[in-house]
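1. Let me see the structure of the following:
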Amino acid sequence: MWETIVERVKKEGNYIIEKGCTVRACAKEFCTSKSTVHKDVTERLRSIDSELFQKVQAVLKKNLSERHIRGGNATRQKYLLLKQKRENAG
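-> Numbering: from 1, shown residues only. Model prediction:
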C-alpha cells in the first residue's frame, strides 16, 4: 500500500477517536468522500494498526447506536423552526 494512503488512514483513525466524530464529519475534515473514509477505517486500518482499528470501531459503534437520536432531534428542530416561522408570518 502506498505510504500516503497509510498516513491518511492513520490520520483519519486518530481524528475519529479524538473528536468522536462520524464518518461524514471525518470525510468533510479531510476533503474526501464518505466511502473513502469508511473503507479506510473499516478495511485498510485493520491491516495497518489493529489497536487503532479497535478504538475506531468502538467510536463508530457508539455513533451508530446514537444515530436515530440525532436524526430525531434534527427533525424536531426543523418542525419547531417551521412552526415559529408560521406564527411570525400569521
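
2. Could you pull up the mean pLDDT of whichever helix in the chain runs longest?
-> Determined from DSSP state H, the single longest helix within the chain is helix 50-89. Average pLDDT, helix 50-89: 90.

3. Which elements pack onto that helix?
-> Counting contacts by 3 or more C-beta pairs under 8 Å, 6 or more residues apart in numbering; DSSP states H and E, helix 50-89 packs against helix 3-19, helix 45-48. C-beta here means a position set from N, CA and C on the backbone, and glycine is covered the same way.

4. Distance of residue 75 relative to residue 66?
-> For residue 75, the distance to residue 66 equals 15 Å [C-beta to C-beta, to the nearest Å].

5. since we're on residue 80, how many residues are nearby?
-> 10 (other C-beta atoms under 10 Å).

6. And residue 26, how close does it get to residue 72?
-> Going from residue 26 to residue 72 by C-beta to C-beta gives 23 Å.

7. If you count surrounding residues, which of the two has more?
-> Set residue 26 next to residue 72 and count neighbours by other C-beta under 10 Å: residue 26 wins out with 23 against 10.

8. can I assume that one is in contact with residue 12?
-> Yes: counting by C-beta atoms under 8 Å, residue 12 is a contact partner of residue 26 at 5.6 Å.

9. Now the common contact residues for those two.
-> Listed contacts common to residue 26 and residue 12 are 37, 41; contacts here mean C-beta atoms under 8 Å, 6 or more residues apart in numbering.

10. residue closest to the middle of this structure?
-> With distances taken as C-alpha atoms, centre = their mean, residue 22 lies nearest the centre of the chain, 1.3 Å away.

11. What does the pLDDT read for that one?
-> Note on residue 22: pLDDT of 92.

12. Give me the nearest residue to it, chain neighbours excluded.
-> What sits nearest to residue 22 in space, not counting adjacent residues and going by C-beta to C-beta, 6 or more residues apart in numbering, is residue 63, at 5.2 Å.
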